[in-house]
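# sequence first, predicted coordinates after that:
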There are 4 protein chains.
Amino acid sequence: MDIQNAAKNIKVLFLDSDGVIFPNTVLMGAPFMAKSRSYYDGQGISLLRAIGIRIAIITNEKDQAADAIRTTVEKWNSLPSSKPQQSDGWEPIVLYEGCGGEQKSAAAEEFLASRGLSFSDAGFMGDDMVDVPLLRTVALPAAPASAERAIRDLCTFVAERNGGEGAIRDFTNMILAARNIDPFLLPAQ
Amino acid sequence: MDIQNAAKNIKVLFLDSDGVIFPNTVLMGAPFMAKSRSYYDGQGISLLRAIGIRIAIITNEKDQAADAIRTTVEKWNSLPSSKPQQSDGWEPIVLYEGCGGEQKSAAAEEFLASRGLSFSDAGFMGDDMVDVPLLRTVALPAAPASAERAIRDLCTFVAERNGGEGAIRDFTNMILAARNIDPFLLPAQ
Amino acid sequence: MDIQNAAKNIKVLFLDSDGVIFPNTVLMGAPFMAKSRSYYDGQGISLLRAIGIRIAIITNEKDQAADAIRTTVEKWNSLPSSKPQQSDGWEPIVLYEGCGGEQKSAAAEEFLASRGLSFSDAGFMGDDMVDVPLLRTVALPAAPASAERAIRDLCTFVAERNGGEGAIRDFTNMILAARNIDPFLLPAQ
Amino acid sequence: MDIQNAAKNIKVLFLDSDGVIFPNTVLMGAPFMAKSRSYYDGQGISLLRAIGIRIAIITNEKDQAADAIRTTVEKWNSLPSSKPQQSDGWEPIVLYEGCGGEQKSAAAEEFLASRGLSFSDAGFMGDDMVDVPLLRTVALPAAPASAERAIRDLCTFVAERNGGEGAIRDFTNMILAARNIDPFLLPAQ
């Protein structure tokens, strides 16, 4: 499927956490594990949800290493537009922890099947080896500029910005452009 | 209004917080929300105040997410030159929290009206969708280099430096140059 | 020895900590000393271990300044593939603290001798003056892009990425390419 | 005085703290004020001290904002070569806090006079307006790459690296080259 068609058609975006939502770095030596993220990506995810694209995050991290992504997902799921009970509310973002390699694909398949969807309805942004099986399966594989070269070579879309610094927003901007949607007509938050 | 005239005439500068005073990133997973800012911008804001330009910050953030900007404004309002009682003292910087989209414009309008000023006396530096209504209203819309492209395309002035890394100082330098003011003749602090 | 031969033959990689595993910066003023590291490097080290290259870290830091590297090594030595009792398990990564200059070479020599190996079987990535004696002794001296110029000038391999931001992964990618090993056939973790 | 002569002759280097030893950023919102610094600069300062150049830091910061520089100076003054009682020991680095503008020049003058030296024996690396009077007085004014343009325009030497990221090491490398000193013959630490 070419990128224009995929961009017009996907109904789901899967995201890796480290290297995509966060830069692939972690602060060591502190009494906590801290990672930085970009509000440009947060706005990007809201725009995708506003046009009906579902979001699921599938990460290999677990335990304390997943604290940052858990807090982030909680924040995104508490936005005013995240109202699962209402017909026009955004579906909550689902977080799968502790999933590497084939487990990423299994989690994605479960997510899709339970919603009557298939891999041809999905995009995925990943950045390293653990993401390869799922990147090879989805209709629209994507990577941040900072992803490993071998991963970028697998992807249909490579962002201009690095992971944790706007890569997801670049993906969003591309989707909106392909669908001829003016972001300024969507709600900002 | 062209940029030279606007730069010579504005009496107020409105600033967004995240993406302008801070890079648009936040440290997650720590027991606090931390953001970095640049002392170049702090000096830039002092230079603007020294030539009589009022500063107000209008941010969508609130609660814990506004801790960093609150601490920053307190610091700026405790500088020796911030003496509201004295005729030559700088007017305190006003911080509006929890204002997005049209609320930004409403806060700005209130600030201006209570001082007998109008949008034609104001500049605003913003970086993302939530800033669009106010950027479209002021005489001198501005953005950091790191702002979303669609925002930069709306602005008369785009800084060379990123948000949180000197974008406000770039704006200051442009204002001083337009007014033929030598910064070395202004007080440093 | 030319780089292709060295890349095919080395059995051990020695690593400096600050400037190689971490960017050569440290967070000051906090009640802890924090340093950031990249998961790209963590995956790179796993790939090297998966093809049988032993890893030892020889750092000048000690006491609190070595907290970050100690935590990092513990993490790497707790990966599922780190099973010293099993014949196919990865040998634990050894950490030498408080070793500068000639002490780095002495630690490396001890590590090699106890395994029946010599400096001709070893690579070393270092970034500053304290690393010079060992860099001059190993078969494959290497440096991050961010290393001091005088150090880079001594090295056979200079990474494209900075220390703490993928320099070790660049080294890994070079080793795999020289040996015609497809990383996607190795286990990701 | 041209740069070659100044580089050969200076006996003292004055340093600003924020923007020179640290990048000009500070972490806000945390229960502490954190700043990052580079070990490349630490090694650079040791090399300058090893060839007999005295170091004094003159900063406008005080109270909590000076915590990071105080901790840094303590570290540098506890290095094995810092032995004030011994004839070959390095003179301790002096830290002047809370000095802006003309106070920087006064502190520098006091430091020099008490050692029988004059401004023609001194270099100074600064980065913003508060540093201007002293930069205009010393024999060798210097700035990091990240300094304000107006400051860089005043300086004889402008580093390739940013403040807090190796600017002081660039200065050191220039001094050693001008004096034909091979850094590898100096002690590393």
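Sure, I can see it. Numbers count the residues shown, from 1 in each chain, chains lettered A, B, ... in the order given.
# chain A against chain D: which residues are in contact?
With the criterion set to C-beta under 8 Å from any C-beta of the partner chain, chain A never comes near chain D. Using the backbone N, CA and C atoms, a C-beta is placed for each residue, glycine as well.
# quick one: the closest residue to residue A:129 other than its chain neighbours and chain B, what's the gap?
In space, and not counting its chain neighbours, residue A:129 is closest to residue C:188: 3.5 Å by C-beta to C-beta, 6 or more residues apart in numbering or on different chains. Noted for residue C:188: a distance of 23 Å to chain B, by C-beta to the nearest C-beta, to the nearest Å.
# elements contacting the least confident helix or strand in chain A by mean pLDDT?
In chain A, no helix or strand scores lower on mean pLDDT, DSSP states H and E than strand A:25-28, which sits at a mean of 89. Counting contacts by 3 or more C-beta pairs under 8 Å, 6 or more residues apart in numbering or on different chains; DSSP states H and E, strand A:25-28 packs against strand A:35-38, strand C:35-38, helix C:67-76.
# just the strands in chain A please.
Applying DSSP state E to chain A gives strands spanning A:12-15, A:25-28, A:35-38, A:54-58, A:94-96, A:122-125, A:140-143, A:157-158.
# mean neighbour count added to those, as TSV?
As requested, the strands of chain A are exported to TSV (neighbours: other C-beta atoms under 10 Å in any protein chain shown):
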stretch	mean neighbour count
strand A:12-15	26
strand A:25-28	23
strand A:35-38	26
strand A:54-58	24
strand A:94-96	19
strand A:122-125	28
strand A:140-143	28
strand A:157-158	19
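# between the ones you listed, which one is nearest to residue C:176?
strand A:140-143 (19.3 Å; C-beta to C-beta).
# who does the closest one pair with, and is each partner parallel or antiparallel?
strand A:122-125 (parallel), strand A:157-158 (parallel) (DSSP bridges).
# okay, the first one in PDB with CA atoms only?
C-alpha atoms of strand A:122-125 as PDB (Å, rounded to 0.1, in the frame of the first residue of the first chain):
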ATOM      1  CA  ALA A 122      -3.100   0.100  11.400                       C
ATOM      2  CA  GLY A 123       0.100   2.100  11.600                       C
ATOM      3  CA  PHE A 124       2.900   1.600  14.000                       C
ATOM      4  CA  MET A 125       5.800   3.900  15.000                       C
END
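# so what would you say the end-to-end distance of stretch A:178-189 is?
22 Å (C-alpha to C-alpha, to the nearest Å).
# which parts of that stretch are buried?
The neighbour-count check on stretch A:178-189 (16 or more other C-beta atoms under 10 Å in any protein chain shown) flags A:178, A:183, A:186, A:188, A:189 as buried.
# any regions of chain A where pLDDT drops low?
Chain A contains residues with pLDDT under 70 at A:1, A:84-85.
# as a check, name the ranges of all helices in it.
Shown for chain A, the helices assigned by DSSP state H span residues A:3-9, A:39-50, A:67-77, A:102-113, A:132-135, A:149-152, A:167-178.
# dump those helices to TSV, plus distance to chain B.
Listed next are the helices of chain A as TSV, based on distance: least, C-beta to the nearest C-beta, whole Å:
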stretch	distance to chain B
helix A:3-9	17
helix A:39-50	5
helix A:67-77	3
helix A:102-113	22
helix A:132-135	24
helix A:149-152	21
helix A:167-178	7
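# for the ones you listed, which one sits closest to residue B:140?
helix A:39-50 (23.3 Å).
# residue contacts, the residue nearest to residue A:129?
A:100, A:101, A:128, A:129, A:130, A:132, C:43 (C-beta atoms under 8 Å, 6 or more residues apart in numbering or on different chains).
# what number of residues are in the vicinity of the fifth one?
Burial measure for residue A:130: 26 neighbouring residues, criterion other C-beta atoms under 10 Å in any protein chain shown.
# same question for residue A:50.
18.
# residues in contact with the residue lying closest to it once chain neighbours are set aside?
Counting by C-beta to C-beta, 6+ apart, residue A:186 is the residue found nearest to residue A:50 once chain neighbours are left out, at 4.9 Å. Listed by C-beta under 8 Å, 6+ apart, the contact set of residue A:186 reads A:47, A:50, A:51, B:129.
# among those, which two are most distant?
A:51 and B:129 (13.9 Å).
# going through the contacts of residue C:188, which ones are buried?
A:100, A:101, A:128, A:129, A:130, A:132, C:43.
# count residues in the vicinity of the nearest residue to residue A:28 once chain neighbours are set aside, would you?
Once flanking residues are discounted, residue A:28 sits nearest to residue C:68: 4.0 Å by C-beta to C-beta, 6+ apart. By other C-beta under 10 Å, the residues close to residue C:68 number 25.
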